[in-house]
Structure formats: structure tokens, C-alpha cells
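A.B. asks: Got a sequence here, can you build the structure:
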Amino acid sequence: QPCPVGGSAMTITFMVLLCLGPCLGQMTHVQAETQLTPIIWAEPGPEVAQGKPVSIWCQGSQHADQYFLYREGVSEPLRREFPMGPSNKAKFPFPRMTYHLAGRYSCLYHRRTRRSVPSKPLDLVVTGMFNKPSLSALPSPIVTSGESVTLQCGSWQAFDWFVLCSEGGEGHPRHLDAQHQADGWFQALFPVDPVSPSHRPTYRCYGYFSNSPYVWSTSSLILELLISGVSRKPSLSVLPGPVMAPGQNLTLQCRSDVGYDRFALSKEGAGDPPQYLGRQLQGGLSGADFALGPVRPSIGGWYTCYGRHSLSSEWSAPSDHLDILVAAPTLSARPGPTVAPGENVTLRCQSPSLFEAFLLSKEGEAGSPLHLRSQHQDGVFQANFPLRPATLDHGGTYRCYGSLGSTPFLLS
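C.D. replies: All right, here's what the predicted structure looks like:
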């Protein structure tokens, strides 16, 4: 009797194990499917210009029956979509990006009566809603390999936050709260890791307000950091000459005997990125002529140029600085511009801006202009040019210019 009992018990146990094995496998398979976290992304990207099309994708299980798109703050799904054919993803298209579509999204899928866990959140941003900020590199967008640089994103608009985006560098946007300056300027300073010729991301920035974090301004101009090396520096000069009248067209000429294929012109502290030009051969030298347009106050500043060969990502050493002074002084005659022959007259050139010297020229005369060091008096810099006594030859039209001692041939 023990044998039949034992035989029966063994048979029962074996049958139970046969049942439990497949059942447990099925249960484990279902639980794994339920816990698979879907992936969400936006195409062409999470920052979309107002009015442009955008699609949100959700990728989950091959066995998903339906996908659901949720927006933060709303309990019901915003959209429902079936998988696209025999695939594990669904597409949620939106023909036009608007202010109302901006927000934080997540997705999940259903399989029969089970639902997956939600995806990680996707921040969908609309851009182009406010004026663009400026983006500049401090001290310059030209850096040596391994050097760190700070990017300044700023605007006269009172944004609460600025965000820096990079392509080819750090993946996620960086957000910093805006700092209000005494002159009404709002800015944020983003430190950037050391750069190298093989790692040169491009940057852009946006501004936004705290009460609408998914509604951003228009993008700043794209800023590319240039890597300068030790190859021979080019020269930089100004055309048609150092003395220019307001409204006259200004050209900066970068030249080199090395045979560079590309040239870049950079202005220190400027919000605009460097200008680039291909080479032009002239007089056995390679170079580029950068046309800056009519002379105006905004043109003033320190300029440098660089050259590089087309097969290299590294630029040359910088040219010597070229200082363009545009702030115009004023010129007056004492006691007045109408005098009798034999009278004493003084022409006074003055400016509230710092000039270390003033030059006086007479229209139509080919000789060198008169040159005097400036005197600081009553809050202005000035120089007095005496014409004693006045003769008929002194009659005519005069102009004066200011200069700095470090660059005596570069005039206002």
C-alpha cells in the first residue's frame, strides 16, 4: 500500500508542477510588459517656433493596443492613438505649434485591460513669442584650446530666466535666473567647459517669464566658439584710411602671406558672432575685406582677425588689435566763427569721452593736421587751437578728431 500511495502522490505533484510552470511564466511575462516604461520625444525637437508643425512620439511595447498622451495638470488624456502598423510606437501630430500647446507631457500605453507606467516627462516649448536676447562670449568668442569662457545672455526685456542650448555639447538646456543690472539690462552668465578643436558646440539662448516657463522668446543669434592656435597672425587695417567722416563706408582688411583659406573678424564684447569670409588673393597675399557699412557710433570698438586653412579646425593667432573710435567731439570758435582780419580767434575741440589728444584739420589742405594733447577741465576733455592773428588764409571749414595715445593714428 505505501507504493500506490507514494505513486499517486508523485503523480499529483508532477501534474501540479506542470501546471504551475507555464502559469508562472505567463504571469511573469505579463508583469514585465506592464512595467516596461515607454519613451516620449518630440520631432523635430522639444523647442518649436510658433506656427511650425510638431509631432510627439511614444514608444512602448510591440503588444500595445493603444497609446495615450497626457498633459500635466489634466487628468484625462489629451489624445489617443493606435500603434503605427506592426510597430511599438504611436505618433501624435500637431499641425501648428501654439501658446496653448506648450507644456509638460507624458505618455503611456494599454495592453488589454492593463496600463503601463507613464513615460518620463517631455517639456514642449513654444519659441518666438518675445524679442530675441543677445548672446556673447566673455571676453571673446575666440579662445585658445583648453581655455574656459563665459557666455552672456542678456536683454533689455525684463525676463525672469534665461536658458542656454547647445548643439554638439551638453545635451540638456541650462536655466539661470536673470540678474537685473543698474542700467536696466537683464542678463545671465553661463560658464562653459574648456573647448578644443574637436569639441566646438554652437550655442543659442532664450528668455522667458516665471509665470509661463514653456513660452520662450525668439532664439538669439547662434554663437560659435572659435579655437585660436599659434600659427602666424594676419594683419588688420582700415580702409579707406584712419580719418573718416560720419556716413562714409568702412572696410576692415585682413591680410596674410601664409595662404589661409578662411578669415574671421571679431569685435571684443560684441553681441554679434564673428564674421566669416573666404579668401581673396591680392598682391600675392591672401585676405578678406570685411565691409562694415557707414560709419556710426555702434561700429566703434576693438577688432581682431584670424585666418585658418580649410583642412584645419584651428584658427591662427589673433592679429594686433585695431581700435575704431567713432565718438565725435564738438568744435566751436571763440569769440565766434566770423572774425575780422587781425583779430585773435581760438578753435576749441572738446568731448565728454576720454581722448588723450585732438587733431584739427582744414578742408582742402593737404598738410598734416594740427595736434594737441587734451586737457581735462569742467568734466570734459578739450584742446584749444589758437589762430593769431586771423588772416584771409584762415577762412574755411574745419573739423576736429579725437585719438587715444595708444593708437595715435586711429581717430574718432
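
A.B. asks: from here on, contacts and neighbour counts on C-alpha atoms
C.D. replies: Noted.

A.B. asks: the domain parsing of the chain - what is it?
C.D. replies: Taking automatic domain parsing as the domain assignment, the ranges for the chain are 1-27, 39-127, 134-227, 231-324, 330-411.

A.B. asks: how about those in a markdown table, adding mean neighbour count and mean pLDDT?
C.D. replies: Listed next are those as a markdown table, based on neighbours: other C-alpha atoms under 10 Å; pLDDT from 0 to 100:
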| stretch | mean neighbour count | mean pLDDT |
| --- | --- | --- |
| domain 1-27 | 11 | 38 |
| domain 39-127 | 18 | 94 |
| domain 134-227 | 19 | 88 |
| domain 231-324 | 18 | 82 |
| domain 330-411 | 16 | 86 |
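
A.B. asks: so what's residue 349 up against?
C.D. replies: 329-332, 358, 382-385, 400-401 (C-alpha atoms under 8 Å, 6 or more residues apart in numbering).

A.B. asks: of those residues, closest to residue 218?
C.D. replies: For the contacts of residue 349, the minimum distance to residue 218 (C-alpha to C-alpha) is 37.9 Å, reached by residue 329.

A.B. asks: Compute the distance between the closest one and residue 374, please.
C.D. replies: 12 Å (C-alpha to C-alpha, to the nearest Å).

A.B. asks: Ok, residue 233 next?
C.D. replies: From residue 233 to residue 374 the distance is 34 Å (C-alpha to C-alpha).

A.B. asks: Residue 349 now?
C.D. replies: From residue 349 to residue 374 the distance is 9 Å (C-alpha to C-alpha).

A.B. asks: Would you mind grabbing the residues shared as contacts by the two?
C.D. replies: With C-alpha under 8 Å, 6+ apart, residue 349 and residue 374 have common neighbours 358, 382-383.

A.B. asks: would you list those residues in JSON lines and tack on secondary structure and distance to residue 238?
C.D. replies: Below are these laid out as JSON lines (DSSP: H, G, I helix; E, B strand; the rest coil; distance: C-alpha to C-alpha, whole Å):
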{"residue": "358", "secondary structure": "strand", "distance to residue 238": "20"}
{"residue": "382", "secondary structure": "strand", "distance to residue 238": "26"}
{"residue": "383", "secondary structure": "strand", "distance to residue 238": "26"}
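
A.B. asks: In a markdown table, list these along with distance to residue 182.
C.D. replies: Output for these, formatted as a markdown table (distance: C-alpha to C-alpha, whole Å):
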| residue | distance to residue 182 |
| --- | --- |
| 358 | 33 |
| 382 | 30 |
| 383 | 33 |
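
A.B. asks: which among the residues you listed gets closest to residue 184?
C.D. replies: Distances from residue 184 to the shared contacts of residue 349 and residue 374, taken by C-alpha to C-alpha, are shortest for residue 382, at 31.2 Å.

A.B. asks: can you tell me which residues contact the closest residue to residue 196 other than its chain neighbours?
C.D. replies: Closest residue to residue 196 apart from its sequence neighbours, by C-alpha to C-alpha, 6 or more residues apart in numbering: residue 145 at 4.8 Å. By C-alpha under 8 Å, 6+ apart, the residues touching residue 145 are 194-197, 227-229.

A.B. asks: Okay, residue 310 and residue 259: tell me how far apart.
C.D. replies: 10 Å.

A.B. asks: what about the helices in the chain?
C.D. replies: In the chain, the segments counted as helices under DSSP state H are 2-35.

A.B. asks: that older thread, take the contacts of residue 349 and lay them out in CSV including distance to residue 285.
C.D. replies: Converted to CSV, the contacts of residue 349 look like this (distance: C-alpha to C-alpha, whole Å):
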residue, distance to residue 285
329, 37
330, 40
331, 41
332, 45
358, 35
382, 42
383, 41
384, 44
385, 43
400, 35
401, 32
